[in-house]
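1. I would like the atomic coordinates for the input below:
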Amino acid sequence: MEDIEAEGRLLDAAETLFYGHGVQAVGMDRIRAASGVSLKRLYQCFASKEELVEAYLRRRDRRWRGALAAHVAAEPSLADRPLAVFDWLEGWFGEPDFRGCAFINAFGEMGAGSAAVADAAREHKAEVRDYLLGLVRAAGAADPETLADQLALFVDGAITTAAVTGVSDAAGRARSAASVLLAAAGVTGVNTEGGEQSRGKRNRTRE
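-> Residues are numbered from 1 along each chain as shown. Below you'll find the predicted structure:
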């Protein structure tokens, strides 16, 4: 088995198990069993559990943001693209394997003792905030920096609320609040009802 294949199998297993059961609850032997990779090869690819957790988070970040951006880019209206973020979240929240934010979860379990995990979580949140900044700037919002900060809080709040309560419409409520802020920031032509695209198929990797 080539190293690239082994790493892919290990990261696939890590993503399923760490996200579904928690980082601390899953040992390296369980990753080995689920991946079909020998323990020796596992430690050749990732010298420690911390290294594996960081790699899992880094890959998840790239995939999650890429899938979100692809969905949002399909929205033709620049004014509605910030709200399309919440439409995408709503579909994710309704899926049976949704367990909240992988980055908040991992930070809560390991962030205090692992600089690598803490950095991965912080950098993900910064990237999401910067992505939102680009969307609100393109929409013509006044004071886009402040608005991006506010929308980032709505995103995290919706994810956490949906995870704790099991209510997927947390995204819809956050969307309604976001539309008020967009209007107050001078963005015109916002669709406050949501579009058919947002109810359609989504190709996403979960956070």
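
2. what sits against the nearest residue to Ala112 once chain neighbours are set aside?
-> Closest residue to Ala112 apart from its sequence neighbours, by C-beta to C-beta, 6 or more residues apart in numbering: Ala118 at 7.8 Å. C-betas here are computed from N, CA, C, even on glycine. For Ala118, the contact set (C-beta atoms under 8 Å, 6 or more residues apart in numbering) comprises 107, 110-112.

3. between those residues, which is closest to Leu132?
-> Phe107 (19.7 Å; C-beta to C-beta).

4. from Val85, how far off is Ala138?
-> 13 Å (C-beta to C-beta, to the nearest Å).

5. how about low-confidence regions in this structure?
-> 1, 194-207 (pLDDT under 70).

6. please enumerate the helices of it.
-> 3-21, 28-35, 39-45, 49-73, 81-93, 102-110, 115-138, 144-165, 170-184, 196-199 (DSSP state H).

7. adding distance to Val190, write the ones you listed out as a markdown table.
-> Compiled in a markdown table, these are given as follows (distance: least, C-beta to C-beta, whole Å):
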| stretch | distance to Val190 |
| --- | --- |
| helix 3-21 | 33 |
| helix 28-35 | 45 |
| helix 39-45 | 47 |
| helix 49-73 | 14 |
| helix 81-93 | 7 |
| helix 102-110 | 28 |
| helix 115-138 | 11 |
| helix 144-165 | 13 |
| helix 170-184 | 5 |
| helix 196-199 | 13 |
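
8. deepest-packed of these, please.
-> Mean neighbour count (mean count of other C-beta atoms under 10 Å) peaks for helix 81-93 among the helices of the chain, with a mean of 24.

9. list the helices and strands that helix packs on?
-> helix 49-73, helix 115-138, helix 144-165, helix 170-184, helix 196-199 (3 or more C-beta pairs under 8 Å, 6 or more residues apart in numbering; DSSP states H and E).

10. and these: which comes nearest Glu95?
-> Comparing these by C-beta to C-beta, helix 144-165 comes nearest, at 10.5 Å.

11. restricting to C-alpha, output the closest one in CSV.
-> As requested, the backbone C-alpha atoms of helix 144-165 are provided in CSV (Å, rounded to 0.1, in the frame of the first residue of the first chain):
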residue,chain,number,x,y,z
PRO,A,144,-18.1,45.0,5.8
GLU,A,145,-15.5,44.2,8.5
THR,A,146,-18.1,44.6,11.3
LEU,A,147,-20.8,42.8,9.3
ALA,A,148,-18.5,39.8,8.6
ASP,A,149,-17.7,39.5,12.3
GLN,A,150,-21.5,39.5,13.0
LEU,A,151,-22.3,36.9,10.4
ALA,A,152,-19.5,34.7,11.6
LEU,A,153,-21.1,34.8,15.1
PHE,A,154,-24.4,33.8,13.5
VAL,A,155,-22.8,30.9,11.7
ASP,A,156,-21.2,29.5,14.9
GLY,A,157,-24.3,30.2,16.9
ALA,A,158,-26.5,28.4,14.4
ILE,A,159,-24.1,25.4,14.3
THR,A,160,-23.9,25.1,18.0
THR,A,161,-27.7,25.5,18.6
ALA,A,162,-28.5,22.9,16.0
ALA,A,163,-26.0,20.5,17.5
VAL,A,164,-27.3,20.9,21.0
THR,A,165,-31.0,21.1,20.3
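
12. contacts for that helix, please.
-> By C-beta under 8 Å, 6+ apart, the list of residues contacting helix 144-165 reads 82, 85-86, 89, 93, 98-101, 104, 125, 128-130, 132-133, 136-137, 141, 167-168, 170-171, 173-174, 177-178, 181-182, 185, 207.
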